[in-house]
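Asker: quick one, what's the 3D model for this:
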Amino acid sequence: MSQPTVAIIGRPNVGKSTLFNRLLGGRQAIVSERAGTTRDRNFGELEWNGRRFWLVDTGGLVPRSTDSMDRAVREQVDRAVEESDLVLLLVDGQEGPNPVDREIADRLRQSGRPVLLVVNKLDDLPDDQGRLPFYQLGLGDPIGTSAQVGKASGDLLDAIVSHLPEAGPALEAGDTIQVAVVGRPNAGKSSLINRLVGTERHLVHPEAGTTRDAIDSPLRYHGKILNFIDTAGLRRRAKVEDDLEFYSNLRSHRAIEHADIVVLVVDALRGLEVQDLRIATEAWDRGCGLIVVVNKWDLIEEKDANTARRGEESLMERVPFLRYVPFVYVSAETGQRVAGLKDLLLSVAEARHYRVGTAEFNRVLEQLMQRSAPPQKPGEEVKLFYGSQIGTAPPSFAIVSNRPRDVPESYQRYLVHGIRESWPFLGSPVRLKFTPKSRRDR
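Answerer: Next comes the predicted model:
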């Protein structure tokens, strides 16, 4: 990755997610008084004084705990430190130095990574002297801040930027493809991303719903950045039991809203359920590219060459737009057919931005009308004159008509199908807009 990485680490409940949100100027991570809310590494891109870098939120570190989840979080924090160019050790200025802070400080010295010691919860800055006792940790001058109210956050960002290594050449914004990986809990979303990025970037645990936040994992591939956004498992609202899961669920929908492509991960043992179809429809209606990944395909014992096709045809009868969506049958556990998904993502991204020349479009439009003219009613003749592409992502076309409001939906679907047969809009919605003639055209 060309941009440097800064990791925020510390024991539970010192305010890591609050600081993460404050520095990013938003609420990308779930902030809760509950210890252990942040379990995975949460990525966010930040720019300050002309320098861009990745900021990483991590789970609360409990060095000596034997709890299985604490051990898993500890492994994730260790990996975050290994991959970072700068580490922020966040401590609680109201409580003062804690034995766990000392253990973490010792671990960081052994890592050899540059460290900034940040003392949080100093709400009375610049008068608050709560940072002074932390000199005993031996990590240099403590930097005081209050993530909750935002005091001294600018000074902290200045200090961060001054300690960053020189950044390599960054890709243009248009070279980043936002990929939201969504689906029901325990479908294998995190395992799939781990296979795609080639590292255990996401916490994989038998407990369903382990991933609570939307977690970013950028990967450079063939001159593009595929930014995978792993999300909490989506459930029907009636099954959301507490505030934490509610906000996690909401964030998953926001990930879809801002995605270029949605990868819907389906558990092959359960099939495409009603909630999966709702997710697919939401993504399609928002204009996202869509890929359905059927995971755990290796666990389906009784299958033949036509098993997948029969299932797809049954789904297409219920949800017609799925005929334009690629289905991929993989095993994130073994890696079977996962590698080809990255190339498919590039193909779908290209399809969303494909442009058709006006003359070429009108030639196909004329052929479609000759094959099947718009339905007519006595005294209400509907004519289509010409059209052109008016946008991409998703591909959108405007067609001029004498009665734009009277073009039946069935005929609109016929035109869309004909357009899709003529150009490679794989996995992308195609939208039509019917407009009246302008005065200059009359």
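Asker: from here on, contacts and neighbour counts on C-alpha atoms
Answerer: OK.
Asker: pull the number of nearby residues for the closest residue in space to residue 286 that isn't next to it in sequence.
Answerer: Closest residue to residue 286 apart from its sequence neighbours, by C-alpha to C-alpha, 6 or more residues apart in numbering: residue 257 at 6.8 Å. Other residues near residue 257 come to 17 when the count uses other C-alpha atoms under 10 Å.
Asker: likewise for residue 140?
Answerer: By other C-alpha under 10 Å, neighbour count at residue 140 equals 12.
Asker: go on, residue 111?
Answerer: The burial count for residue 111: 13, using other C-alpha under 10 Å.
Asker: got it, and residue 44?
Answerer: Residue 44 has 21 neighbours, counted by other C-alpha under 10 Å.
Asker: returning to what we had before: any idea of the pLDDT on the residue nearest to residue 286?
Answerer: According to the prediction, residue 257 has pLDDT 82.
Asker: tell me if I'm right that it and residue 284 touch.
Answerer: No. Between residue 257 and residue 284 there is no contact under C-alpha atoms under 8 Å: 10.5 Å.
Asker: who touches both of the two?
Answerer: Among the neighbours of residue 257, none is also in contact with residue 284 (C-alpha atoms under 8 Å, 6 or more residues apart in numbering).
Asker: what helix or strand does residue 334 sit in?
Answerer: Taking DSSP states H and E as the definition, residue 334 sits outside all helices and strands.
Asker: state the phi and psi torsions of residue 197.
Answerer: When quoted as degrees, to the nearest 10, the phi and psi of residue 197 stand at phi -90, psi -10.
Asker: endpoint to endpoint, stretch 58-75 covers what distance?
Answerer: 11 Å (C-alpha to C-alpha, to the nearest Å).
Asker: what comes up buried for that stretch?
Answerer: By neighbour count on 16 or more other C-alpha atoms under 10 Å, the buried set for stretch 58-75 is 58-63, 69-74.
Asker: can I get these in TSV with secondary structure and pLDDT?
Answerer: Formatted as TSV, the buried residues of stretch 58-75 follow (DSSP: H, G, I helix; E, B strand; the rest coil; pLDDT from 0 to 100):
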residue	secondary structure	pLDDT
58	coil	88
59	coil	87
60	coil	90
61	coil	90
62	coil	90
63	coil	88
69	helix	82
70	helix	85
71	helix	86
72	helix	82
73	helix	82
74	helix	87
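Asker: going by distance to residue 109, which of these wins?
Answerer: residue 63 (14.6 Å; C-alpha to C-alpha).
Asker: SS state for the residue nearest in space to the middle of the chain?
Answerer: In the chain, the C-alpha nearest the mean C-alpha coordinate belongs to residue 229, at 2.4 Å (C-alpha atoms, centre = their mean). Of the three states, residue 229 takes strand according to DSSP: H, G, I helix; E, B strand; the rest coil.
Asker: what's across from it in the sheet?
Answerer: residue 180, residue 216 (DSSP bridges).
Asker: residues contacting it?
Answerer: Each residue near residue 229 by C-alpha under 8 Å, 6+ apart is listed here: 178-181, 214-217, 255.
Asker: let's see that with 6 Å instead.
Answerer: Residue 229 makes contact with 179-181, 214-216, according to C-alpha atoms under 6 Å, 6 or more residues apart in numbering.
Asker: residue 404: neighbour count?
Answerer: What residue 404 shows, counting by other C-alpha under 10 Å, is a neighbour count of 17.
Asker: next: residue 398.
Answerer: Residue 398: 16 surrounding residues under other C-alpha under 10 Å.
Asker: these two touch, right, it and residue 430?
Answerer: No. Using C-alpha atoms under 6 Å, residue 398 is not in contact with residue 430; the gap is 11.2 Å.
Asker: can you give me the neighbour number for residue 315?
Answerer: Residue 315 has 16 neighbouring residues, counting by other C-alpha under 10 Å.
Asker: dihedrals phi and psi, the closest residue to it other than its chain neighbours?
Answerer: Leaving aside its chain neighbours, residue 315 sits nearest to residue 322 (7.3 Å; criterion: C-alpha to C-alpha, 6+ apart). Main-chain torsions, residue 322, degrees, to the nearest 10: phi -70, psi -10.
Asker: can you check residue 290 too?
Answerer: Backbone geometry at residue 290, expressed as degrees, to the nearest 10, gives phi -140, psi 130.
Asker: also residue 293?
Answerer: The phi and psi values for residue 293, taken as degrees, to the nearest 10, are phi -110, psi 110.
Asker: how does the protein divide into domains?
Answerer: Following automatic domain parsing, the chain resolves into domains at 5-162, 173-350, 358-441.
Asker: quick one: low-confidence parts of the chain?
Answerer: Residue ranges of the chain with pLDDT under 70: 1-2, 26-41, 167-174, 199-214, 232-251, 439-442.
Asker: is residue 394 part of a helix or strand, or is it coil?
Answerer: Per three-state DSSP, residue 394 ends up coil.
Asker: residue 53 now?
Answerer: Of the three states, residue 53 takes strand under three-state DSSP.
Asker: dig out what it forms beta bridges with.
Answerer: Going by DSSP bridges, residue 53 forms beta bridges with residue 46.
Asker: roughly how far does it sit from residue 161?
Answerer: Counting by C-alpha to C-alpha - residue 53 and residue 161 are separated by 9 Å.
Asker: shouldn't residue 23 be within a strand?
Answerer: No. Using three-state DSSP, the assignment for residue 23 is helix, not a strand.
Asker: once you drop chain neighbours, what's closest to it?
Answerer: residue 153 (6.9 Å).
Asker: what about the one you found, neighbour count?
Answerer: Residue 153 has 18 neighbours, counted by other C-alpha under 10 Å.
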